[in-house]
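Student: For reference, the sequence and a predicted model appear below.
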Amino acid sequence: MNSALSLPKGLQGCLKAPNHNGHLGFVTENVGVKETERENILLVDDRPENLAALGAWLEGLDLNIFKATSGNEALSLMLEHDFALVLLDVQMPDMDGFETAGVMRNNPRTKHVPIIFVTAITKDQEQIFKGYETGAVDYLFKPIQPEILLSKVKVFVDLHGQKKSLEKTANALELSMEELKKAHEEHLQNEKLQGVIEMAGAICHELNQPLQAVSGYSELLLMDISDDNPLNGDLKKIKEQIARMGRITRKLMRITRYETKDYVFEGQKIIDIDKASGEGK
C-alpha cells in the first residue's frame, strides 16, 4: 500500500464523487479560462486522498487535471487526450507505475508523454534506474514538497506549450510553402500558355493567306462544274472545312484571357477557345 499524501489545510470535504467515467474530480474554480487553452496533465494514484492533495496543489496553474486510480484507466485516458505530463504513482495494485510506463512507451501515441514517478520508496539507486529505463523523466519523493512539485510541473507544461507552438509554426510554414509552390507552378503554367498562345497566333496569321487561297480556288471550281458533277459535293465539304478552320484561327488570334474547360481525360483542362476569344459570352 502506498503512502498517503497529507491534504492541504481546508481540503477536507472538497473531494467529488467519481464521475460516469470513474474519474475522481476535485472542486476547483478557474473563472474565465477556456478549457481548450489549458494544458492537460494526468495524475495517477490508487488512493483518492493522494489525487486530491496533488490536485489541490496544482489548482493555481490553470491546468485541465485528469485523474485515474489505476494504470489501465490512465492508459485509456491517454488514448483519448493529449497530455503535457503524467504524474504516475509507482506502487499500485494490479499494474504498477513501472508496468504502466512500459505500456506507454510501446504505444506510438503515448511514447513521448513525459512521466514523473511519484513514490514513497527510499531513494534506492536500482529502483531509480528502473524508472528511468521505463521512460521516467524525473522523480518526486514522498512526502512531497509543494514548491518542488509546482516547479517541476511548470517546466514540463511550458515545454509542451512551446512544442505545440513550434508545431503550429511548422505547419503554417509548410502550408505557406505549398501555397508558394502552387502559385509558382501556376505562374509557370501561365507563362507557358502565353507562349503557346502567341505561337498559335503567329501560326494562324501565316495560315490565313493559304486558307483564303484554297477557299478562292474551291469557289472557282464550284462555278466551273455542274451541280450533278460528283466533285460538287466534295468541293462544298472542302469549302465548309476551310471556313471552319478560318473561324478557329480568328478565335485564336483574338484570345485575351485564359478560360479553361475539362478535357476528355480526367483531371486535365484545356483552353476554352470560344470563351477566351470573347465569342462564348
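Tutor: Thanks, I have it.

Student: Which per-residue confidence value corresponds to L252?
Tutor: We have a pLDDT of 73 for L252.

Student: What is the neighbour count of it?
Tutor: The tally of other residues near L252 (other C-beta atoms under 10 Å) stands at 20. Just so you know, the C-beta spots here come from the backbone N, C-alpha and C atoms, and that holds for glycine as well.

Student: center of this structure, which residue is that?
Tutor: N171 (7.4 Å; C-alpha atoms, centre = their mean).

Student: ok, that residue to S165 distance?
Tutor: Distance of N171 to S165, given as C-beta to C-beta, to the nearest Å: 11 Å.

Student: Spatially nearest residue to M245 (excluding sequence neighbours)?
Tutor: L211 (5.9 Å; C-beta to C-beta, 6 or more residues apart in numbering).

Student: so that neighbour touches I242, yeah?
Tutor: Yes - with contact defined as C-beta atoms under 8 Å, L211 reaches I242; the gap is 5.7 Å.

Student: who has more neighbours, those two?
Tutor: More neighbours surround I242 than the other of L211 and I242, with 20 against 16 (other C-beta under 10 Å).

Student: and the more buried one, helix, strand or coil?
Tutor: With DSSP: H, G, I helix; E, B strand; the rest coil as the basis, I242 sits in helix.

Student: ditto for F66
Tutor: Following three-state DSSP, the label given to F66 is strand.

Student: List the beta-bridge partners for it.
Tutor: F66 forms beta bridges with L42, as assigned by DSSP bridges.

Student: count of residues packed around it?
Tutor: For F66, using other C-beta under 10 Å, the count is 23.

Student: quick one, what contacts the residue nearest to M245?
Tutor: L211 is in contact with 242, 245-246, 249, counting by C-beta atoms under 8 Å, 6 or more residues apart in numbering.

Student: and it, what helix or strand is that in?
Tutor: Assigned by DSSP states H and E, L211 belongs to helix 146-224.

Student: and that helix, how far from the chain's centre?
Tutor: Put simply, helix 146-224 sits 22 Å off its chain's centre (C-alpha atoms, centre = their mean, to the nearest Å).

Student: Please work out the average pLDDT along that helix.
Tutor: According to the model, helix 146-224 has a mean pLDDT of 81.

Student: got it, and stretch 120-131?
Tutor: Stretch 120-131 comes out at a mean pLDDT of 68.

Student: try stretch 74-82
Tutor: The model assigns stretch 74-82 a mean pLDDT of 93.

Student: Now it: buried residues?
Tutor: Within stretch 74-82, the residues that count as buried by 16 or more other C-beta atoms under 10 Å are 74-75, 77-78.
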